[in-house]
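[1] mind looking at a prediction? Sequence and model below.
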Amino acid sequence: MNPHQFVCREDGQVITEELFGDQIVRFLYSEAREKAPALFQMLTGERASDLLGLLNFDLPLSATFSGSQRFLKARGVDLEESLISANEMKTPRDFFERKICYWKSRPMPEDSEVVVSPADSRMIVGGLSEVSYLKIKDKFFKLNELLGTDRTDLHTIFHEGDFAIFRLTPEMYHWNHVPVSGVVRDIYTLDGDYHSCNPGAVVKMVTPYSSNRRVVTIIDTDVPHGSWVGRVAMVEIVALMIGGIDQRYSQQKYDSPTDVVPRMFLKKGQPKSLYRPGSSTDVLIFEPGRLEFDQDLVSFRSRSDVQSRFNAFGGHLNETEVKVRQSIARKIGEKGRS
């Protein structure tokens, strides 16, 4: 299988990713899927995902964790920004669910018209319109399936809108933050599988994000103190070894976490939820004509010198590595819905 590369936003360098469990994923999504479909279905189900999570993340850390720290440092993981030291981490879960001093290490633009990244991740931007220069349709997901086939109201709202996909890798900070300010109009869970978000698996499955278990939060930003980019669908998607998505919104740092419920006001940049260990994915869906993505993210997506496995979908579909609370888009047009 071809290597997978992404673009570093800070300096534009092309980085070759060492994909976690790539050989296992390759077996699972080729030989097992084709020759043993029952086994494939079992291994991508909830019970197998929970078991793999237990074996990988809940057993005590070994004495070789110092070597693991060197491994993580080589991948840009800064344990100094964690609120607990490496010596206090007793299991891999402690590391993967770590809290960080995001108010210091992940500064956020003060501009109220900016949309920010919900996670440390590798992201790609796209459009659902047939005439969009960012068009990517029915590749990573099918909109109607992603939001729920019975949610025709949302299908209409987000028809021909824009989207951004954020892929979290296992070593990354696994808290999701609110990308916009606004009022929660709805939040619901859709059941599904636990497919890997490894780029090779995504290409094999074609539309895995709309078949995996996920939590959908609809945020209305056209409200007082909102971001005024229309309604935004924030879709948090589980993957292999992800045991759950815990809603833990905090207005200040990580203090007094609460469940996310309708009519709650969410402040941009604050912690919203936590992925239990593993890889996972966020998808943001925006109403058409309400924002424009940052130009560097658009230009990096189409660079011809990057070997992305997503190129198998056609054209150049490169990811850019971003940090949580970093600018990704800006409001355009007049306030209020058209």
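    Arrived safely.

[2] helices of this structure, residue ranges please.
    Applying DSSP state H to the chain gives helices spanning 22-27, 33-35, 37-43, 46-57, 65-74, 92-96, 102-105, 143-147, 152-158, 199-205, 295-301.

[3] mean pLDDT lowest for which of the ones you listed?
    Sorting the helices of the chain by mean pLDDT places helix 33-35 lowest, at a mean of 43.

[4] and residue 304, what does it touch?
    Residue 304 makes contacts with residue 316, as judged by Cβ atoms under 8 Å, 6 or more residues apart in numbering. Just so you know, the C-beta spots here come from the backbone N, C-alpha and C atoms, and that holds for glycine as well.

[5] recalculate using a threshold of 10 Å.
    For residue 304, the contact set (Cβ atoms under 10 Å, 6 or more residues apart in numbering) comprises 311, 315, 316, 318.

[6] what's the separation between it and residue 14?
    11 Å (Cβ to Cβ, to the nearest Å).

[7] what sits in contact with each of these two?
    Contacts common to residue 304 and residue 14, judged by Cβ under 10 Å, 6+ apart, are residue 318.

[8] what about residue 111, distance to residue 120?
    21 Å.

[9] repeat that for residue 256.
    Taking Cβ to Cβ, one finds residue 256 at 24 Å from residue 120.

[10] surely residue 173 and residue 83 touch.
    No - look at residue 173 against residue 83 with Cβ atoms under 10 Å: they stay out of range, at 11.3 Å.

[11] so those two - more neighbours on which side?
    residue 173 (25 against 12; other Cβ atoms under 10 Å).

[12] and the nearest residue to that one once chain neighbours are set aside, how many neighbours?
    The spatial neighbour of residue 173 that comes closest, neighbours along the chain excluded (Cβ to Cβ, 6 or more residues apart in numbering), is residue 120 at 4.6 Å. Residue 120: 26 surrounding residues under other Cβ under 10 Å.

[13] got the contact list for residue 120?
    Contact partners of residue 120, counting by Cβ under 10 Å, 6+ apart, are 76-77, 100, 102, 106, 166, 168-169, 171-177, 321-326.

[14] so among those residues, which ones count as buried?
    Among the contacts of residue 120, those classed as buried by 16 or more other Cβ atoms under 10 Å are 77, 100, 102, 106, 166, 168-169, 171-177, 321-326.

[15] end-to-end on stretch 166-175?
    12 Å (Cα to Cα, to the nearest Å).

[16] tell me the average confidence for that stretch?
    Averaging pLDDT along stretch 166-175 gives 89.

[17] one more: stretch 324-338?
    78.

[18] then stretch 256-268?
    Confidence over stretch 256-268 (mean pLDDT, whole number) is 98.

[19] just to revisit the earlier point, what do residue 173 and residue 83 both touch?
    98, 99, 100, 102.

[20] all strands for the stretch 201-338 of the chain, in order.
    214-220, 231-237, 245-247, 265-266, 271-275, 280-286, 291-293, 320-322, 327-331 (DSSP state E, counting those that start in this stretch).

[21] out of those, which is closest to residue 202?
    If you check each of those against residue 202 by Cβ to Cβ, strand 280-286 wins as the nearest, at 8.8 Å.

[22] count of neighbours near residue 298?
    14.

[23] hmm, back to that, and the least confident of the shared contacts of residue 173 and residue 83?
    Within the shared contacts of residue 173 and residue 83, pLDDT is lowest for residue 98, at 90.

[24] assess the claim that it and residue 80 are in contact.
    No - judged on Cβ under 10 Å, residue 98 makes no contact with residue 80 at a distance of 11.5 Å.

[25] which one of the two is surrounded by more residues?
    Between residue 98 and residue 80, counted using other Cβ under 10 Å, residue 98 has the larger neighbour count: 19 against 10.

[26] nearest spatial neighbour of the more buried one, chain-adjacent residues omitted?
    residue 82 (4.7 Å).

[27] so how far is residue 178 from the residue nearest to residue 173?
    15 Å.

[28] could you do residue 146 as well?
    Taking Cβ to Cβ, one finds residue 146 at 20 Å from residue 178.

[29] one more: residue 248?
    The spacing between residue 248 and residue 178, counted by Cβ to Cβ, is 12 Å.

[30] any shared contact partners between the two?
    By Cβ under 10 Å, 6+ apart, residue 248 and residue 178 have these common neighbours: 260, 271, 272, 273.
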